[in-house]
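Asks: Only the shape, not the letters, is given here:
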């Protein structure tokens, strides 16, 4: 029998006692047994490219691939130029 699973993505920190401390609350009520998958970078430094790549692969944002979500065009708004 196949069990359907729902994924929730949160960030957190592993403390010095090897315990996971989440940065926010889970959107589900307990008590409930869950599977936990821990992903961690090979290095401590995550650059902006890595965050963007991770977000692009996250299924939570799959709805953005739907053409009905394209509410803006290239002609909307005014060009921005950072003068700093």
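Replies: Received, thanks. Just so it is clear, the model here is predicted, and its values are computed rather than measured. Numbers count the residues shown, from 1 in each chain.
Asks: In this structure, where is pLDDT below threshold?
Replies: Within the chain, the set of residues satisfying pLDDT under 70 comprises 44, 46.
Asks: ranges for the strands of it?
Replies: 12-14, 20-22 (DSSP state E).
Asks: Tell me which other helices or strands the first one touches.
Replies: Spelled out, it's strand 12-14. Other helices and strands packing on strand 12-14, by 3 or more Cβ pairs under 8 Å, 6 or more residues apart in numbering; DSSP states H and E, are strand 20-22. For the C-beta atoms, the positions are set from N, CA and C on the backbone; glycine is no exception.
Asks: just checking, what packs against the strand it packs on?
Replies: Counting by 3+ Cβ pairs under 8 Å, 6+ apart, strand 20-22 packs on strand 12-14.
Asks: List the neighbouring strands of the strand it packs on plus their orientation.
Replies: strand 20-22 (antiparallel) (DSSP bridges).
Asks: quick revisit: for residue 56, which of the strands of the chain is the nearest?
Replies: Nearest to residue 56, of all the strands of the chain, is strand 12-14, at 21.3 Å by Cβ to Cβ.
Asks: Now find how far off-centre that closest one is within its chain.
Replies: 15 Å (Cα atoms, centre = their mean, to the nearest Å).
Asks: swap in stretch 75-84?
Replies: On Cα atoms, centre = their mean, the centre of stretch 75-84 falls 28 Å from the chain's centre.
Asks: all helices in the protein, in order from the N-terminus.
Replies: Using DSSP state H, the helices of the chain run over 48-57.
Asks: Taking the chain centroid, which residue in the protein is the extreme one?
Replies: Within the chain, residue 83 marks the point farthest from the mean C-alpha position, 31.2 Å out by Cα atoms, centre = their mean.
Asks: gap between that residue and residue 48?
Replies: 21 Å (Cβ to Cβ, to the nearest Å).
Asks: In JSON lines, list the strands of the chain along with mean neighbour count.
Replies: Below are the strands of the chain laid out as JSON lines (neighbours: other Cβ atoms under 10 Å):
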{"stretch": "strand 12-14", "mean neighbour count": "11"}
{"stretch": "strand 20-22", "mean neighbour count": "10"}
